[in-house]
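*Asks:* just need the structure, nothing else, for what follows:
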Amino acid sequence: MAEPAPFSDSFQHELDRLLRLRRDVRRFRTDPVDEATLDQALSAFSRAPSVGLSEPWRILRIDSPDARRAALDNFRAANDRALQGYTGARAARYATLKLSGMQEAPVQLAVFCDDGTTKGHGLGAASMPEMRRYSVVSAITLFWLALRAQGLGLGWVSILDPVQLARDLDAPDNWHLIGYFCIGWPQDTGDTPELETLGWETRAPALHIEPR
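*Replies:* Predicted coordinates:
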């Protein structure tokens, strides 16, 4: 006989709804984010799994006008370069996409992986050192869901020169940028990815698993 599920049907329904509403947000209201609410979401990092219990995530909060300007300039330059990689109708469509909320989001974080951490004593990372970076991504995912559960949205900005941004933010040499994150109250809360709505790409209808 199968063991009963440890969570109620209503909880599982709400969890599924949370996953569907997670969405990458690029359109934010400029209303401030309560610090207690942000701290509660950030506590997800302390609950996240990490290889060897290394907890290699390092977080910089980008508040100063100079740091924000450097990050925005970095995005704009990278976005211009990315546009050059497309032609025709695809280039025209790319040019219309809003790909960051950096000018509106009240909270902005740069999250790094400390590749040189000694915490965890190398367990699980000796043969696959990239596991530290995967651990940071896993923690970010939990943080993302925690934010959404509070009604907040997150936008992951990946159109950047990571080396230049790390330099501009004066990050230590052994820190590797995982992502730049815009956080705030979303203008809308639909469950369809904006890139799908705008015709850039469609989500696969079902997961395909290949047998071996």
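*Asks:* alpha carbons only for contacts and neighbour counts from here, please
*Replies:* Noted.
*Asks:* which residues in this protein form helices?
*Replies:* 9-20, 35-42, 65-83, 88-96, 131-149, 162-168, 194-197 (DSSP state H).
*Asks:* tell me the gap between the shortest one and the middle of its chain.
*Replies:* Distance, stretch centre to chain centre, for helix 194-197: 17 Å (CA atoms, centre = their mean, to the nearest Å).
*Asks:* now do stretch 149-156
*Replies:* With CA atoms, centre = their mean, you get 10 Å for stretch 149-156.
*Asks:* which residues touch that stretch?
*Replies:* Stretch 149-156 is contacted from outside by 18, 22-26, 28, 37, 41, 100-101, 144, 147-148, 179-186, using CA atoms under 8 Å, 6 or more residues apart in numbering.
*Asks:* which among these count as buried?
*Replies:* Among the contacts of stretch 149-156, those scoring as buried are 18, 22-26, 28, 41, 100-101, 144, 147-148, 179-186 (criterion: 16 or more other CA atoms under 10 Å).
*Asks:* need the per-residue pLDDT for the residue sitting nearest the centre point of the chain.
*Replies:* The centroid of the chain falls nearest to Trp156 when counting by CA atoms, centre = their mean (4.0 Å). At Trp156, the model reports a pLDDT of 98.
*Asks:* next: the one 3 residues further on.
*Replies:* What the model reports for Ile159 is a pLDDT of 97.
*Asks:* check contacts around Arg61.
*Replies:* For Arg61, the contact set (CA under 8 Å, 6+ apart) comprises 107-110.
*Asks:* beta-bridge partners for it, please?
*Replies:* Beta-bridge pairing for Arg61 (DSSP bridges): Leu109.
*Asks:* same check on Trp175?
*Replies:* Beta-bridge partners of Trp175, counted by DSSP bridges, are Asp114.
*Asks:* for it, give its distance to Val136.
*Replies:* Per CA to CA, to the nearest Å, Trp175 is found 12 Å from Val136.
*Asks:* which one of the two has more residues nearby?
*Replies:* Between Trp175 and Val136, counted using other CA atoms under 10 Å, the more crowded position is Val136 (25 against 19).
*Asks:* where in the protein is pLDDT low?
*Replies:* Scanning the chain for pLDDT under 70 picks out 1.
*Asks:* now with 50?
*Replies:* For the chain, no stretch has pLDDT under 50.
*Asks:* okay, now the nearest residue to Thr189 once chain neighbours are set aside: neighbour count?
*Replies:* The shortest distance from Thr189 to any non-neighbouring residue, by CA to CA, 6 or more residues apart in numbering, is to Leu21 (6.8 Å). Leu21 has 19 neighbours, counted by other CA under 10 Å.
*Asks:* and Ile59, by the same measure?
*Replies:* Counted with other CA under 10 Å, residues neighbouring Ile59 total 13.
*Asks:* can you pull the contacts of it?
*Replies:* 109-112.
*Asks:* among those, who's most crowded?
*Replies:* Phe112 (24 neighbours).
*Asks:* residues contacting the residue nearest to Thr189?
*Replies:* Residues near Leu21 by CA under 8 Å, 6+ apart: 148, 189-191.
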